[in-house]
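Participant: When you get a sec, could you give me coordinates for this:
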Amino acid sequence: MHHLINKRHLLSVLAAFVAVTAFLVACNVNTESYAYIHDPETEIIALSDNGKAVYKGNGYTYTKDESFIYLKGKDGETIQLRYIPNEKDDGMILYEKSTYVYSGDDEPDGIVGVWKQDNGWEYQFTENGTFSEENIFFGHYAVDEKASTIKLMYDDPIEDAILYYSLDGNNLTIDYPWPMVRTGSQNK
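Facilitator: Numbering: from 1, shown residues only. Below you'll find the predicted structure:
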């Protein structure tokens, strides 16, 4: 009987050790947390090494490769975010999709024309290679149809931007690059 009690005690201690170890491993999840460079305290995306992510306050599971982060919601919805790591400041460029609707009377001819969103944001691309962004920022643009990119070269002292785009009838979908920095709330 004494032998049986020792085995039960040993099994109880072993089970407790396994539970504590699992708890400690779960608590020691490494998380990369990022915010927009213009608002470095507000987390936009967090990627944990346990395959869980939070994007704009919503929970997802995720996978990523060298070009995209794939977020999958509980409803099966998948969001594909293009990204480019930024080695110099340990941040990244995160591309977020926005869809604009052509506001002309005729059919769009490529990206030339005025493209608007319900929130008032807009792009205007002219035939002579100039653009207006939100009627605030101006410059010249170049389209690379093979790469599906638009290069915005601003008149103001703003760094050039490469946008990815797709056209579907009267809809222009743009992947806009947002510089991201790591937040201070992450585990390292």
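Participant: how about the strands in this protein?
Facilitator: Counting by DSSP state E, the chain has strands at residues 31-36, 43-48, 52-55, 58-64, 68-72, 78-86, 91-102, 113-116, 122-125, 130-133, 137-144, 149-154, 161-168, 171-182.
Participant: Using PDB, list the CA coordinates for the last one.
Facilitator: To tie it back to what came earlier, the one meant is strand 171-182. C-alpha atoms of strand 171-182 as PDB (Å, rounded to 0.1, in the frame of the first residue of the first chain):
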ATOM      1  CA  ASN A 171     -13.500  50.200 -58.400                       C
ATOM      2  CA  LEU A 172      -9.900  51.000 -57.700                       C
ATOM      3  CA  THR A 173      -8.400  49.100 -54.800                       C
ATOM      4  CA  ILE A 174      -5.200  50.500 -53.400                       C
ATOM      5  CA  ASP A 175      -2.800  48.900 -51.000                       C
ATOM      6  CA  TYR A 176      -1.400  51.900 -49.200                       C
ATOM      7  CA  PRO A 177       2.000  51.700 -47.400                       C
ATOM      8  CA  TRP A 178       1.900  52.700 -43.700                       C
ATOM      9  CA  PRO A 179       5.200  52.900 -41.800                       C
ATOM     10  CA  MET A 180       5.000  51.000 -38.600                       C
ATOM     11  CA  VAL A 181       7.100  51.100 -35.500                       C
ATOM     12  CA  ARG A 182       7.300  48.600 -32.600                       C
END
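Participant: what helices or strands is it leaning on?
Facilitator: With contacts taken as 3 or more C-beta pairs under 8 Å, 6 or more residues apart in numbering; DSSP states H and E, strand 171-182 sits against strand 31-36, strand 78-86, strand 91-102, strand 161-168. In this view, the C-beta of every residue, glycine as well, is placed from N, C-alpha and C.
Participant: Nearest to residue 69, out of these?
Facilitator: Closest to residue 69 of the helices and strands packed on strand 171-182 is strand 78-86 (C-beta to C-beta; 4.5 Å).
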